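Asks: missing the sequence, but the structure's below:
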């Protein structure tokens, strides 16, 4: 008798588990688009950007320069023994330091 009641309880319990519905929450997907920078010669950097670089970082040496389609410049510079990467637009305004 105990086995009959226990098996009936297990069967009813398993049927109720399958009867429940779960609601899937919508998933938000975030995509970061990274602009591609292409390497250019340091001589190809506009004079305005070079002047802004010399004003902001006296004695800085321009190691490498990159540009993207928006005419934003990624400049790898070295000041003494330290290296840094700074970002500028075509007018010499700093975007990221």
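Replies: Looks like it arrived, so ask away. Quantities reported herein were computed from a predicted structural model and do not represent experimental measurements.

Asks: hey, let's count contacts and neighbours off CA atoms from now on
Replies: Will do.

Asks: Strands of the chain, start to end?
Replies: For the chain, the strands defined by DSSP state E occupy 38-40, 61-67, 73-79, 82-88, 94-96.

Asks: quick check, distance from the lowest-mean-pLDDT helix or strand in the chain to the centre of its chain.
Replies: Least confident helix or strand of the chain, by mean pLDDT, DSSP states H and E, is helix 2-19 with a mean of 73. Its chain's C-alpha centre and that of helix 2-19 lie 52 Å apart, by C-alpha atoms, centre = their mean, to the nearest Å.

Asks: I'd guessed residue 63 sits against residue 78; true?
Replies: Yes: using C-alpha atoms under 8 Å, residue 63 is in contact with residue 78, at 6.8 Å.

Asks: more crowded one of those two?
Replies: With neighbours defined as other C-alpha atoms under 10 Å, residue 63 and residue 78 compare such that residue 78 has more, 17 against 14.

Asks: For that one, give the beta-bridge partners.
Replies: residue 61, residue 83 (DSSP bridges).

Asks: Residue 74 too?
Replies: Beta-bridge partners, per DSSP bridges, of residue 74: residue 66, residue 87.
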